Every structure is written in structure tokens, then in C-alpha cells.
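# make a model of this:
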Amino acid sequence: MAELKRISSELGDIYISERAIAQICARVVSEQDGLRTPRQARESSGFLSTIAQAVKSDGIEVLKEDRRLVVKMSLFAVYGVRIQEAAQKTITEVKARVRELAGLEIDDVIIEVTGIVKE
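Next up is the predicted model:
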């Protein structure tokens, strides 16, 4: 993965990678009610989580498109949650946390709900 941000100082250079941003996003999802990454869904019990077994990644991609930063997330919804509300809250939190921790502005967050899991 390429660097997204380079910070230079008299002490040296700091590079923030796409993987680091993806890990921040995964952590934000884990703190939200109602949505799970495929890895989190695999850890839950029940028949519905078997769908998540087929997905090997965290389901999070960080893309630089021209001068835009885009995060694409394939997530699972917890059965009974209001998906639209949970997704909107997650988008807001992802943008805020990445701005706070990495100093990067995310232009777009795309959430695709790929399945349903039990809590």
C-alpha cells in the first residue's frame, strides 16, 4: 500500500499508509452499534455468521482516486438494527476519527451491507 500522508520534521519523516487508515476504520466500526466488519462477524456465533466465513479480509479498502480519499467498507448488519441509521453514524465517526488521528480528510465513505449477523 502506498503512503497517503507524509509528515516531515527535523527528526525525520512519518508516513501514514492506507493500511493504517483501514485499521482506524475497522476500530471505529467495532465501537459502533449495529455494524460489523467481516472479521468481527466471523467471531460472532450463530448460523448467520457463516456467511462471513467466506470473506477473508476486513472488508475495508482505502483508495486514492485523483485527489480524493475514498473508504469502501463491506460490512454486516446486526439483525434488528436500523441499517440506514447505523451506517450514517458510522460514516460520520469514520470521517471524524481519521481526521483526528491521521489529519486526513476523507471525501467519501461507501458502506455496502453484505449480510446480516446475530449479536
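# residues touching G12, list them.
Residues near G12 by Cβ atoms under 8 Å, 6 or more residues apart in numbering: none. (Glycine included, C-beta is placed from N, CA and C.)
# what's opposite it in the beta bridge?
S9 (DSSP bridges).
# now do the SS call for R6.
At R6, secondary structure determined by DSSP: H, G, I helix; E, B strand; the rest coil is strand.
# 34 is where my numbering starts, stick with that
With the count now opening at 34, the last piece we talked about shows up as R39.
# and the nearest residue to it once chain neighbours are set aside, how far from A135?
Using Cβ to Cβ, 6 or more residues apart in numbering and skipping the chain neighbours, the partner closest in space to R39 is Y48 (5.5 Å). Here Y48 is placed at a distance of 11 Å from A135 (Cβ to Cβ, to the nearest Å).
# ok, the two, which is more surrounded?
A135 (17 against 12; other Cβ atoms under 10 Å).
# and stretch 95-114, C-alpha only, in PDB?
Taking C-alpha atoms only, stretch 95-114 is exported to PDB below (Å, rounded to 0.1, in the frame of the first residue of the first chain):
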ATOM      1  CA  VAL A  95      -8.800   2.800   1.300                       C
ATOM      2  CA  LEU A  96      -8.400   4.400  -2.200                       C
ATOM      3  CA  LYS A  97      -6.800   7.500  -3.600                       C
ATOM      4  CA  GLU A  98      -8.800   8.500  -6.600                       C
ATOM      5  CA  ASP A  99      -7.300  11.500  -8.300                       C
ATOM      6  CA  ARG A 100      -7.000  13.900  -5.300                       C
ATOM      7  CA  ARG A 101      -9.900  12.300  -3.400                       C
ATOM      8  CA  LEU A 102      -9.600   9.900  -0.500                       C
ATOM      9  CA  VAL A 103     -12.300   7.200  -0.500                       C
ATOM     10  CA  VAL A 104     -13.100   4.500   2.000                       C
ATOM     11  CA  LYS A 105     -15.100   1.500   0.800                       C
ATOM     12  CA  MET A 106     -16.400  -0.900   3.500                       C
ATOM     13  CA  SER A 107     -18.200  -4.200   3.100                       C
ATOM     14  CA  LEU A 108     -20.000  -4.700   6.400                       C
ATOM     15  CA  PHE A 109     -22.500  -6.900   8.100                       C
ATOM     16  CA  ALA A 110     -25.500  -5.600   9.900                       C
ATOM     17  CA  VAL A 111     -26.700  -7.000  13.200                       C
ATOM     18  CA  TYR A 112     -30.200  -8.400  12.900                       C
ATOM     19  CA  GLY A 113     -32.800  -5.900  14.000                       C
ATOM     20  CA  VAL A 114     -30.700  -2.800  13.700                       C
END
